[in-house]
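> Okay, here's the prediction I keep looking at, along with the sequence it came from:
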Amino acid sequence: MALAPLAQQQGNALPFDIRANKNLLMGKGEKTKRDYYDVIVTQQPTSGVLIKLPYTRKGGKFTFDLHHRISLTSDFALPADVMTIVEVISGGTTKLGTYSLSDKIEPGAKFDENLIKTSSADIDKYVTPLSRKTISIKTIPGPQSVSIVGKTFIVTRGANTTRIETPGARIATVSNFSFEETSEGVRLSIDK
């Protein structure tokens, strides 16, 4: 496992470690400078996008953006209906939730940000994240690791449907990670 630098956001956000294998890093956003990670089909937490969250006394809220991972080559028939399904697991194989993103991809579709890709291979030239859905997960008190793993990618073009569930296949992209500890709330006082 390659240890990425400690990730930290502004405000009430706490630092956390992204411990995903470095070969899962798709690239970095040109504008936002956010890291974009590929999500592969697996049941092994250490093979997914693994994130070590800090210790919390009351638990917290972990958020990330989920994107389709699509290769928009010239032979990709449009329009197409696309569904991406990922799972977030913790503590080995404890499931925290299954999340899906579903869209109709039209001709001329493009992502809202250009990426500086880590791979210059021809096979990755046309690969891009598409769409964006923010996922929010409540976490338990104490230390915790979460892993984002792929489940299924489904593309329907007219009467043809392709379903990808092959272990090791890259089916989604995730970005914009954030973690906040649950606040203690505001105590009300009675004026006398």
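Cool, the structure landed. Residues are numbered from 1 along each chain as shown.

> from here on, contacts and neighbour counts on C-alpha atoms
Fine.

> Just the mean pLDDT for stretch 24-32, thanks.
For stretch 24-32, mean pLDDT rounds to 96.

> Distance from that stretch to the middle of the chain?
How far stretch 24-32 lies from its chain's middle: 12 Å, per C-alpha atoms, centre = their mean, to the nearest Å.

> Quote the end-to-end distance of it.
Using C-alpha to C-alpha, to the nearest Å, one end of stretch 24-32 lies 19 Å from the other.

> cool, and stretch 35-53?
Stretch 35-53 end-to-end distance (C-alpha to C-alpha) = 17 Å.

> average pLDDT across that stretch?
95.

> Mind giving me the packing neighbours of the lengthiest strand in the chain?
Longest strand in the chain by number of residues (criterion: DSSP state E): strand 142-157. On a contact count with 3 or more C-alpha pairs under 8 Å, 6 or more residues apart in numbering; DSSP states H and E, strand 142-157 meets strand 35-40, strand 49-56, strand 80-90, strand 160-164, strand 170-181.

> Could I have the CA atoms of it written out in CSV?
Output of strand 142-157 as CSV, limited to C-alpha atoms (Å, rounded to 0.1, in the frame of the first residue of the first chain):
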residue,chain,number,x,y,z
GLY,A,142,-13.6,5.3,17.7
PRO,A,143,-11.0,4.6,14.9
GLN,A,144,-12.3,3.4,11.6
SER,A,145,-11.2,2.5,8.1
VAL,A,146,-13.6,2.5,5.1
SER,A,147,-13.1,1.1,1.7
ILE,A,148,-15.0,2.0,-1.5
VAL,A,149,-15.3,-1.1,-3.7
GLY,A,150,-17.0,-1.6,-7.0
LYS,A,151,-20.0,-3.9,-7.5
THR,A,152,-21.6,-3.5,-10.9
PHE,A,153,-21.4,-1.3,-14.0
ILE,A,154,-24.3,-1.5,-16.5
VAL,A,155,-24.5,0.2,-19.9
THR,A,156,-27.6,0.0,-22.1
ARG,A,157,-27.5,1.2,-25.7
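
> change the start of the numbering to 573 and stick with it
In the new count, where the first residue is 573, that last one comes out as strand 714-729.

> May I see the buried residues of that strand?
Buried residues in strand 714-729, counted by 16 or more other C-alpha atoms under 10 Å: 716-729.

> average pLDDT for it?
Computed over strand 714-729, the average pLDDT equals 94.

> What angle do strand 652-662 and it make with each other?
With axes from the mean of the first three to the mean of the last three C-alpha atoms, to 10 degrees defining the directions, strand 714-729 sits at 160 degrees from strand 652-662.

> between the helices and strands packed on strand 714-729, which one is nearest to residue 593?
strand 621-628 (7.5 Å; C-alpha to C-alpha).
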